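Participant: Sharing a model prediction with you, sequence too.
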Amino acid sequence: MYVEFSRTLDLDVNSTVQRLAKAVHGRALPWIRDVVPAIGGLALHFDPDHEALGGKPLEAAAQLVEDCLKAGLPKEGELVRTIEVPVCYEPQYGPDLAEVAKATRIPLADIGALHAEGEYRVLMIGFAPGHAYMSGLDPKLSVPRRSTPRAVVPAGSVAIANDQTVVYPYAISGGWSIIGCTPLKVFDAERQEPSLFAAGDRVKFRAITRAEFERLAK
Amino acid sequence: MTITVLRPGLLMSVQDPGRHGHQHVGLCPGGAMDVVSLTLGNALVGNPADAAAIEITVLGPDLEFARETLVALAGADFEGSIPGNRPVLVPAGSRLSITRALRGARAYLAVAGGIAVPPVLGSRSTYIPGRFGGFEGRVLKRGDRLPLAADSARLARERFASLKHKRDHSVRWSVAALTVPDREPIVLHAIEGEHFGQFDAATQRTFFDTVWKIGPESNRMGFRLAGPTLQRTDSGSRTEEILSGPTTLGSVQVPANGVPIALMADHQTTGGYPRIAEIASADVPRLAQLGPNGALHFARCSLDMAAELRRDLKSRLEPALRGIAWEYGN
């Protein structure tokens, strides 16, 4: 079931969706399999044949959402973590820096600093495990998606398009402009918490040198 | 205690029913493409439904068994050295050759005690795009030695001994594969998707009138449906930009090139393409039994009918499972 609140990007709605997800998840109901906060709404994946539902799964899911909204959602401050992400913005790790510099008329050497100044928030995780869509990109850095996506983007690549930024969790195809790379593992199935990011997190990028990147990558 | 891959099949991987509870961090449940056949396979060797088996696609492997093993090949009919959809006791040191699918596309080789790869995030299924789970996170290749449960040879002997009707190394009966098509095109029931209304009436009719073929570049993530291209109504403001939203197993999305994609086990958890339809969950395992060029068409259905189809599938699977349990004396 998908509970839609907005068909356009709205940061307040996005925050409400994340708080609702927290509330639904917190009830730990045995018939709920997955609670997925998206940008403008919440998806509930459930076992429709679970005995607790009495054959009326949609009604039960709708009731659950209503109950959570009525009971009051957790305050935003209670969920927000701030994740710091070290990024090397040197051309070796940011193959699209030159193109972005040309398109935005910002000197290549300043792009990393401008990107790292921003305050970002994770709107949604999707596309691939741990792949976080973040708002907060400086409009001066806005570039469209690349016309031809790359077949393989290296793991940890930090990329931008339109008004958002992403960090590619592992080597996959991608169409955003790569301006740097983090040595952190964005998704690791063997880790207690596999995903570095969660929806609602605040994210700060910190510019690091190549030497520091190599040290942290070890 | 191992099974050695002497010759790999086309796309062979270790799968179980998948991992739930991680879609909020972008990880789909994954697992067996045809979970009904996996369930039957596990039951046929006396396993619980969540044991891991080998998923075989279109072209099968040659395998060597180090010890005596009880196996069952459930799902699609494959040409080869073992009969399908029944328990078979494989002697120590013997080789099995499974060649090509004659009917259906996917079969599960279940073994007593399961394939004993370590669980990752609560499941033994292979998530190929993320390179984790299953056997080294990847498709199986020549020379791989798949670990079996330490007591698999004992389980094989004991379970086979407890079967009521047996002959030599197998039994006189088999179960019906519930998902393998007798004929094509198969009919898949689909409810209107969230963005169905963004396609004009002619395109909506085309979607339900077309016999679609499983196109090239189809894989465990999704099946591309070859046929007419579907374009959204493009009259200025009517073409809404779609905010990336959640997707699920059986969602049919239509990217800008107009070629619909039915999302399968390893699907992405969100997508920004319009979703024209959602395939009834009971019908997804039957879709998984179509190979390259397999034909299907969609029949419009309601949410209530989708629920009815699920109950109907359950009402055929449960007696089959009870029958197998009875043969094992349970």
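Facilitator: Yep, it's here.
Participant: give me the number of residues near residue A:119?
Facilitator: 12 (other CB atoms under 10 Å in any protein chain shown). C-beta coordinates here come from the backbone N, C-alpha and C atoms, glycine included.
Participant: isn't it right next to residue A:205, touching?
Facilitator: No: in this structure residue A:119 lies outside contact range of residue A:205 using CB atoms under 8 Å: 9.9 Å.
Participant: If the residue nearest to residue B:169 when sequence neighbours are not counted is in a bridge, with which residues?
Facilitator: In space, and not counting its chain neighbours, residue B:169 is closest to residue B:89: 4.4 Å by CB to CB, 6 or more residues apart in numbering or on different chains. Note on residue B:89: beta-bridge partners by DSSP bridges are residue B:70.
Participant: Distance check, the spatially most central residue of chain A against residue B:324.
Facilitator: The residue lying closest to the centre of chain A (CA atoms, centre = their mean) is residue A:132, at 2.0 Å. Separation of residue A:132 from residue B:324 (CB to CB, to the nearest Å): 45 Å.
Participant: Likewise for residue A:86?
Facilitator: For residue A:86, the distance to residue B:324 - CB to CB - is 56 Å.
Participant: Among these two, which residue is more densely surrounded?
Facilitator: Between residue A:86 and residue B:324, counted using other CB under 10 Å, the more crowded position is residue B:324 (22 against 19).
Participant: What's the local residue count around whatever residue of chain A ends up closest to chain B?
Facilitator: Residue nearest to chain B within chain A: residue A:126 (2.9 Å; CB to the nearest CB). Neighbour count of residue A:126, defined by other CB under 10 Å: 27.
Participant: Going along the chain from the lowest-mean-pLDDT helix or strand in chain A, find the next helix or strand for me.
Facilitator: Scoring the helices and strands of chain A by mean pLDDT, DSSP states H and E places strand A:172-174 at the bottom, with a mean of 85. Once strand A:172-174 ends, the next helix or strand along the chain (criterion: DSSP states H and E) is strand A:177-181.
Participant: quick one: whichever helix or strand comes after that next one to chain centroid distance?
Facilitator: For strand A:177-181, the following helix or strand on the C-terminal side (DSSP H and E) is strand A:202-208. Mean-position distance between strand A:202-208 and its chain equals 14 Å (CA atoms, centre = their mean, to the nearest Å).
Participant: Remind me what strand A:202-208 packs against, helices and strands.
Facilitator: strand A:82-88, helix A:108-117, strand A:120-125 (3 or more CB pairs under 8 Å, 6 or more residues apart in numbering or on different chains; DSSP states H and E).
Participant: taking the ones you listed together, which one is wrapped up most tightly?
Facilitator: Among these, ranked by average contacts under mean count of other CB atoms under 10 Å in any protein chain shown, first place goes to strand A:120-125 (a mean of 25).
Participant: The helix or strand following it and chain B in contact?
Facilitator: Downstream of strand A:120-125, the next assigned helix or strand under DSSP H and E is strand A:132-135. Yes: contact of strand A:132-135 with chain B (CB under 8 Å from any CB of the partner chain) involves residue A:133.
Participant: now strand A:132-135: mean pLDDT?
Facilitator: What strand A:132-135 shows for mean pLDDT is 96.
Participant: Just the C-alphas of that strand, formatted as PDB.
Facilitator: Provided in PDB are the C-alpha atoms of strand A:132-135 (Å, rounded to 0.1, in the frame of the first residue of the first chain):
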ATOM      1  CA  ALA A 132      20.600   8.200  -0.700                       C
ATOM      2  CA  TYR A 133      19.000  11.100  -2.500                       C
ATOM      3  CA  MET A 134      19.900  14.300  -0.700                       C
ATOM      4  CA  SER A 135      18.500  17.800  -0.900                       C
END
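Participant: Show me how far it is from its chain's centre.
Facilitator: Here the centre of strand A:132-135 is set off from its chain's centre by 4 Å, with CA atoms, centre = their mean.
Participant: Skip ahead from it and say which helix or strand is next.
Facilitator: strand A:150-153.
Participant: got a list of what residue 88 touches?
Facilitator: You didn't pick a chain, so chain A it is. Residue A:88 makes contact with A:180, A:181, A:182, A:183, A:207, A:208, A:209, A:210, A:212, A:213, according to CB atoms under 8 Å, 6 or more residues apart in numbering or on different chains.
Participant: um, chain B though
Facilitator: Contact analysis of residue B:88 by CB under 8 Å, 6+ apart lists B:70, B:71, B:72, B:73, B:82, B:169, B:170.
Participant: Skipping its backbone neighbours, what lies nearest the residue nearest to the centre of chain A in space?
Facilitator: residue A:197 is the one closest to residue A:132 (CB to CB, 6+ apart), at 3.9 Å.
Participant: My guess is the one you found contacts residue A:125. True?
Facilitator: Yes: between residue A:197 and residue A:125 there is a contact under CB under 8 Å: 6.4 Å.
Participant: low-confidence ranges in the chain?
Facilitator: Picked chain A for this. A:78-79 (pLDDT under 70).
Participant: Chain B, not that one
Facilitator: B:234-241.
Participant: same thing but 80
Facilitator: B:233-242 (pLDDT under 80).
Participant: Go through the residues of it and report the one nearest to chain A.
Facilitator: Closest approach of chain B to chain A (CB to the nearest CB) occurs at residue B:270, with a separation of 2.9 Å.
Participant: For that residue, the count of nearby residues, please.
Facilitator: Residues near residue B:270, counting by other CB under 10 Å: 23.
Participant: before we move on, what about residue B:217?
Facilitator: Quick note: residue B:217 (other CB under 10 Å) scores 11 neighbours.
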